[in-house]
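In: pasting the sequence and the predicted model now:
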Amino acid sequence: MKRLLLATACLTSAIAAPGKLVLDGKTYELSHVYARRSPDVFDSKKMGTYILATDTALSPADRVDNDAIRELSWSGKMNAVEIEVTDGGISWRILSNQVKMSMSGSRSPNPFALAVTANRIRGMVKMEAPDKLGDTTFYYEFPVDAVIEKKVEAPAPTAADKVAAQSAASAKAYLVYLVALMKGDKAGLMKAVDPEKAKMIDTPEFPEMVKFIQSVQPKNVTVLRATESGDKSELTVSGNGGSEMGTVKMEKIGGAWLVMRESWKNR
């Protein structure tokens, strides 16, 4: 019994306490730490090794998806610290809609005690002291022991996928959204996007906002594949004559398929 109690005590003491992110005196508990290999945030042709410490659990799909991570922070659903580990040092950024400016920086050499292998990262990320960027004071620290995950890329869409997508309800809803977008139909757009984005649309800035979105939105969009699973769907799309490829995340809310986010890249 004593041995069992001793073993239990040792095991308990070995469990690392959650980390924390402090922004202007407000503390967010960083309860989940993930690691991934994914395209560099600023150069999609390069692969980077990232650590992500968040105050909320992320799905396996979201935690390896740069676009999903960015969207979650913009929408206020996640506060996080992201560290990119490079040969020469580290780059960091704070992901939170609680700050009014982009907060990022780099350090060389790597100031944190991290052991990186082919498939795992272990160690500790801890600032020496609180720092200030602009008007925001910040501090973060968190233990790291995470498997390095990688997004599994789906095979290229087939001709059969394209045919099947034409009858998919989520694909039809996305095309309706695109018509509303190009018309500048405010009411139509508010019905087609998730509630958080609808609030952003319903503002006096809408006319200028929609002009910008129209200018960067690829034209002549075709849905090449629709993968529906329960109340979620992922669309593979092409635009501008096939020179751009995109991924659209849809979700059924209140019985209607809504656009949650979309991302595009040159083919």
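Out: Alright, I've got the coordinates.
In: state the distance from the residue nearest to Ile148 when sequence neighbours are not counted to Ile83.
Out: Closest residue to Ile148 apart from its sequence neighbours, by CB to CB, 6 or more residues apart in numbering: Ala35 at 4.6 Å. All C-beta atoms are positioned from the backbone trio N, CA, C, and that covers glycine. When distance is defined by CB to CB, to the nearest Å, Ala35 is 9 Å away from Ile83.
In: mutual contacts of those two, please.
Out: 50-52 (CB atoms under 8 Å, 6 or more residues apart in numbering).
In: the nearest residue to Met182 once chain neighbours are set aside - how many residues pack around it?
Out: Leaving aside its chain neighbours, Met182 sits nearest to Gln214 (6.2 Å; criterion: CB to CB, 6+ apart). For Gln214, the neighbour count with other CB atoms under 10 Å is 13.
In: can I take it that Gln214 is in a helix?
Out: Yes: judged by DSSP: H, G, I helix; E, B strand; the rest coil, Gln214 forms part of a helix.
In: re earlier: wait, doesn't the residue nearest to Ile148 sit right on Gly123?
Out: No: contact criterion CB atoms under 8 Å: Ala35 and Gly123 do not qualify, at 10.9 Å.
In: contacts only, for the residue nearest to Ile148.
Out: 49-52, 120-121, 144, 146-149.
In: wait, which of the residues you listed is closest to Gly188?
Out: Closest approach to Gly188 among the contacts of Ala35 (CB to CB): Leu52, at 35.3 Å.
In: these two touch, right, that closest one and Glu84?
Out: No: applying CB under 8 Å, one finds Leu52 not in contact with Glu84, separated by 10.0 Å.
In: where do the strands sit along the stretch 151-267 of the chain?
Out: For the stretch 151-267 of the chain, applying DSSP state E, counting those that start in this stretch gives strands covering 222-229, 232-239, 244-253, 256-266.
In: likewise the stretch 1-150 of the chain?
Out: Under DSSP E, counting those that start in this stretch, the stretch 1-150 of the chain gives strands at 19-23, 26-30, 32-39, 47-54, 80-85, 90-95, 103-107, 113-116, 120-126, 131-133, 136-150.
In: tell me which of those sits most buried.
Out: Greatest average neighbour count among these goes to strand 80-85 (a mean of 23), per mean count of other CB atoms under 10 Å.
In: who's in contact with the longest helix along the chain?
Out: The longest helix of the chain (DSSP state H) is helix 169-183. With contacts defined as CB under 8 Å, 6+ apart, helix 169-183 is touched by 165, 185, 188-189, 191-193, 210, 213-214, 217, 221, 223, 226, 228, 233, 235, 237, 248, 250, 252, 256-259.
In: so what are the domain limits for this structure?
Out: The chain breaks down into these domains under automatic domain parsing: 18-150, 159-266.
In: mind giving me a markdown table with the ones you listed and columns for mean pLDDT?
Out: Below are these laid out as a markdown table (pLDDT from 0 to 100):
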| stretch | mean pLDDT |
| --- | --- |
| domain 18-150 | 92 |
| domain 159-266 | 94 |
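In: against Leu133, how distant is Leu175?
Out: Relative to Leu133, Leu175 is positioned 42 Å away (CB to CB).
In: my error: substitute Lys183 in the last question.
Out: For Lys183 relative to Leu133 (CB to CB), the value is 41 Å.
In: again, but for Arg107
Out: Taking CB to CB, one finds Arg107 at 14 Å from Leu133.
In: just Gln166 next, same as before
Out: The value you get for Gln166 to Leu133, if CB to CB is used, is 49 Å.
In: same question, Val152
Out: Distance from Val152 to Leu133, by CB to CB: 36 Å.
In: same question, Ser215
Out: 31 Å.
In: then Val33?
Out: Going from Val33 to Leu133 by CB to CB gives 23 Å.
In: repeat for Gln98
Out: 13 Å.
In: do the same with Pro157
Out: Pro157 sits 43 Å away from Leu133, going by CB to CB.
In: now do Lys100
Out: Lys100 sits at a distance of 11 Å from Leu133 (criterion: CB to CB).
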